[in-house]
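Participant: Structure for this input, please:
(one chain, ligands or ions: 2)
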Amino acid sequence: MALKIITDNCTSCDACLPECPNEAIVQRKGLYFIEWEKCTECVGFYDDPQCTAVCPIDETCILDPDHQESREELLAKKKRLHAAEGVG
Ligand code: SF4
Ligand code: SF4
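Facilitator: Ligands and ions are numbered 1, 2, ... in the order given. Down below sits the predicted model:
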């Protein structure tokens, strides 16, 4: 399952953006979004979602029930995203 950012809670502090191993977090016009196609819950890199770990505001980087994926699917996504780098 990908994560999403609750825009109303986000203070645009920028802490999450550099932490994402998949460059899934983007900033547009001062608002932060997660591109679900690139989010793997950090599977393959970290034990926990790093955006949630660093976000200072509770309930802002949360699981997105609209994008359900198994751990196997997330791992496959991670491999696909990083294939060119020879990672994983
Ligand atoms: S959970 Fe991990 S991969 Fe997904 S947006 Fe957050 S930091 Fe990036
Ligand atoms: S760390 Fe949290 S508050 Fe800061 S930009 Fe990211 S989602 Fe917004």
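Participant: got the residues of this protein near ligand 2?
Facilitator: Neighbours of ligand 2 within the chain, by CB under 6 Å from any ligand atom: 5, 10-16, 32, 54-55, 57, 60-61. To be clear about C-beta, it is placed using only N, CA and C from the backbone, and glycine gets the same treatment.
Participant: swap the cut-off to 5 Å and go again
Facilitator: Ile5, Cys10, Thr11, Cys13, Ala15, Cys16, Tyr32, Cys55, Ile57, Thr60 (CB under 5 Å from any ligand atom).
Participant: Among these, which are located in helices?
Facilitator: Among these, no member falls in helices (criterion: DSSP state H).
Participant: of these, buried ones?
Facilitator: Neighbour-count burial (16 or more other CB atoms under 10 Å) applied to those gives Ile5, Cys10, Ala15, Cys16, Tyr32, Cys55, Thr60.
Participant: Tell me how far the first one lies from ligand 1.
Facilitator: Pointing back at Ile5 there. Distance from Ile5 to ligand 1, counting by CB to the nearest ligand atom, to the nearest Å: 8 Å.
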